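Q: here is the input, now give the coordinates:
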Amino acid sequence: MDSFLSVIQNDNETDTIVYTSKQIQPMAETFSDKFAFIGPSILKSHEVLEGKKSRKLIYISLGTVLNQNKDFYQNCIQAFADSSYDVVMSVGEKTDIASLGRIPDNFIVRNHVEQIAILQKADVFITHCGMNSVNESLYFGVPMVLFPLHSEQRIVAELGAGIELKGNRPKHLAKAAADLIEDQTFPENAQKLSRTFRNAGGAVEAAKVILAKIEVKP
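A: This is a model prediction of the structure:
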């Protein structure tokens, strides 16, 4: 029987489709031409945020699994309450919004939001940094404040598209968001990575790779 490691790992001789770009993949230079980097598969959102955006928009989410963190959400409220930013915060289905206290006028707090729709308008994404959230944020060129739950944060920070939080107190959150907004190198780097995703070909490129490897019968 094959070992578990042999089942999940790939070698340089196996044709493999990779849902990222070479610029995101660590040690991409060690991958053979058997690997086709086609970028993430991002579904279009059916929702659109209406209205002109005159203020910077911060989006906050800890994903769909490890998202029950009342202290973190309350710290976010303290950090950005009545600030010059608009804030959309998704807190998960099991979080009682009423337990968070007063919701400032510049906040929209929901148990669930359409993340793709928000990211198309956001200037900063405060995220747990799971791979789906990272891919979606970079696809739309949104720099990230990285809350330390997943190792992917190191990749984003190294690529200059995000800042790791030094702590999760309100002052840390406020400073990290301000740094991303004030220093244009972060959104510029996020936009560069966005272009690598969009130019990678996506599902169309994946289909071309597959068809090139098999005999297509009429």
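Q: which parts of this structure are strands?
A: Along the chain, the segments classed as strands by DSSP state E run 16-18, 35-37, 57-61, 86-90, 107-110, 124-127, 144-146, 162-164.
Q: out of these, flag the one nearest Arg195.
A: Closest of the strands of the chain to Arg195 is strand 35-37, at 13.6 Å (criterion: C-beta to C-beta). (Glycine included, C-beta is placed from N, CA and C.)
Q: just checking: what are the partner strands of that closest one?
A: In the sheet, strand 35-37 lines up against strand 16-18 (parallel) (DSSP bridges).
Q: which one of the strands of the chain lies nearest to Leu180?
A: Closest approach to Leu180 among the strands of the chain is made by strand 124-127 (5.0 Å; C-beta to C-beta).
Q: other residues contacting the closest one?
A: The contact list for strand 124-127, computed with C-beta atoms under 8 Å, 6 or more residues apart in numbering, reads 56-63, 76, 119, 133-134, 137, 142-147, 173, 176-177, 180-181.
Q: circling back to that earlier point, and the strands of the chain, which is most packed in?
A: Of all the strands of the chain, strand 124-127 carries the top mean neighbour count, a mean of 28, counting by mean count of other C-beta atoms under 10 Å.
Q: before we move on, back to that, would TSV of the strands of the chain with distance to Phe186 and mean pLDDT be doable?
A: TSV is the format used below for the strands of the chain (distance: least, C-beta to C-beta, whole Å; pLDDT from 0 to 100):
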stretch	distance to Phe186	mean pLDDT
strand 16-18	25	86
strand 35-37	24	88
strand 57-61	13	97
strand 86-90	18	96
strand 107-110	23	96
strand 124-127	9	96
strand 144-146	9	94
strand 162-164	7	92
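Q: any chance of those strands in JSON lines, plus distance to Ser99?
A: Converted to JSON lines, those look like this (distance: least, C-beta to C-beta, whole Å):
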{"stretch": "strand 16-18", "distance to Ser99": "42"}
{"stretch": "strand 35-37", "distance to Ser99": "44"}
{"stretch": "strand 57-61", "distance to Ser99": "16"}
{"stretch": "strand 86-90", "distance to Ser99": "14"}
{"stretch": "strand 107-110", "distance to Ser99": "11"}
{"stretch": "strand 124-127", "distance to Ser99": "20"}
{"stretch": "strand 144-146", "distance to Ser99": "23"}
{"stretch": "strand 162-164", "distance to Ser99": "28"}
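Q: tell me which of the ones you listed sits nearest to Glu205.
A: Proximity to Glu205 (C-beta to C-beta) singles out strand 35-37 among the strands of the chain, at 7.0 Å.
Q: and the helices in this protein?
A: Assigned by DSSP state H, the helices in the chain fall at 4-8, 70-80, 115-119, 131-139, 152-158, 170-182, 185-198, 202-213.
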